[in-house]
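Student: Can you look at this prediction? I've put the sequence above it.
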Amino acid sequence: MNNENRLLELIISALSSNKIVGIVDRDIASFGYMLGLKAIKGDVERGKYVWIVSYDPLQSLFRDMERVGLNYEEHLGKNLFIFDVFGSIKGIEPGMDGVLTLKGYLDDNVFIVKYQKLISEVIDSLKPEEVTVLGHLESGLCRLFKNPVRVQRKAWNLMMEVPLKISAVRTYILPECPAMDELVYFCSDLVVEGLVEGNRRRLIVTKGGGDEP
């Protein structure tokens, strides 16, 4: 078993214990964030409720899901739901079942208020007992909000306060949003970092891994 597969097992084990996992790419080309999609793939395929919060254009997310072999079209609107933050801010209508956006005027404060209402509506509608959450490329916050750290802290506080079991993976690319570095470490039980050394891509555990690589 190679290092990436061992780390994937470690992440999946953490999620099964309702922990928070942070995956930090310190280089744009390290692609550690793909581990987040691989980690939730099994939950989606088993029919568990999975909520993806996407900060990049939907087509980028769909391409990444295809790369890890996740047939999102089969599950969208059933047990897989995507909150399209990028589309909400840009006013893009998804036109797809299972893809949710916020309508109308949005700034940092209004976004949080409307996001809280959306979470409550989804929970009331689905009545899940537990949910796996993926924050896909949260570094996109720096392109979308004036105070990305404040928005992210409030958004995750809302998610963690819901009355059900939550496990979560948060992925981001450090060079795109350096301000979020400390927040991700503070809020995560397990942190995996991706980096590039010469021509070699490496994935290492920097928090919460015990004796794992």
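Tutor: Nice, thanks for sending it over.

Student: Skipping its backbone neighbours, what lies nearest the one residue sitting closest to the centre of the chain in space?
Tutor: By C-alpha atoms, centre = their mean, the chain has its centre lying nearest to Gly135, at 1.5 Å. Nearest residue to Gly135, sequence neighbours excluded (C-beta to C-beta, 6 or more residues apart in numbering): Arg170, at 4.2 Å. (C-beta placed from N, C-alpha, C; glycine too.)

Student: Looking at the helix ranked longest in the chain now, give me its mean pLDDT.
Tutor: In the chain, taking DSSP state H as the definition, the longest helix is helix 108-126. The average pLDDT within helix 108-126 is 94.

Student: Likewise for stretch 145-161?
Tutor: Stretch 145-161 shows a mean pLDDT of 88.

Student: Any chance you could list what contacts that stretch?
Tutor: 53, 89, 107-108, 111-112, 115-116, 119, 133, 135, 138, 141-142, 166, 168, 170, 177, 179-180, 183, 187 (C-beta atoms under 8 Å, 6 or more residues apart in numbering).

Student: Buried residues in it, which are they?
Tutor: Under the neighbour-count criterion of 16 or more other C-beta atoms under 10 Å, stretch 145-161 has 145, 148-149, 151-156, 159 buried.

Student: and what of stretch 13-30?
Tutor: Residues 14-15, 19-27, 30 are the ones in stretch 13-30 that count as buried (16+ other C-beta under 10 Å).

Student: Straight-line length of that stretch, end to end?
Tutor: With C-alpha to C-alpha, to the nearest Å applied, stretch 13-30 spans 23 Å between its terminal residues.

Student: same question, stretch 171-191
Tutor: 10 Å.

Student: what's the answer for stretch 41-52, then?
Tutor: Chord length of stretch 41-52, first to last residue, is 12 Å (C-alpha to C-alpha).

Student: for that stretch, the distance to its chain's centre please.
Tutor: Chain-centre distance of stretch 41-52: 13 Å, with C-alpha atoms, centre = their mean, to the nearest Å.

Student: So for it, mean pLDDT?
Tutor: Per-residue pLDDT over stretch 41-52 has a mean of 96.

Student: what's that stretch in contact with?
Tutor: By C-beta under 8 Å, 6+ apart, stretch 41-52 touches 12, 15, 40, 61, 68-70, 72, 75, 78-83, 122, 126, 128, 130-134, 136.

Student: let's go with 6 Å and repeat that
Tutor: Contacts to stretch 41-52, defined as C-beta atoms under 6 Å, 6 or more residues apart in numbering, come from residues 40, 68, 70, 75, 79-82, 128, 131-134, 136.

Student: With stretch 105-117 instead?
Tutor: Identification of contacts with stretch 105-117 by C-beta under 6 Å, 6+ apart yields 89, 102, 145-147, 151, 154, 158.

Student: Which member of these is positioned nearest Val192?
Tutor: Val192 lies nearest to Val151 out of these, by C-beta to C-beta, at 23.7 Å.

Student: pull the CA atoms of the helix or strand that closest one falls within into CSV?
Tutor: If you go by DSSP states H and E, Val151 is part of helix 148-160. This file holds the C-alpha atoms of helix 148-160, laid out as CSV (Å, rounded to 0.1, in the frame of the first residue of the first chain):
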residue,chain,number,x,y,z
PRO,A,148,-12.9,35.4,4.0
VAL,A,149,-11.7,34.2,7.4
ARG,A,150,-14.7,35.8,9.2
VAL,A,151,-17.1,34.3,6.7
GLN,A,152,-15.5,30.9,6.9
ARG,A,153,-15.5,30.8,10.7
LYS,A,154,-19.2,31.8,10.9
ALA,A,155,-20.2,29.4,8.1
TRP,A,156,-18.5,26.4,9.8
ASN,A,157,-19.8,27.4,13.2
LEU,A,158,-23.3,27.2,11.6
MET,A,159,-22.6,23.8,10.2
MET,A,160,-21.1,22.4,13.4
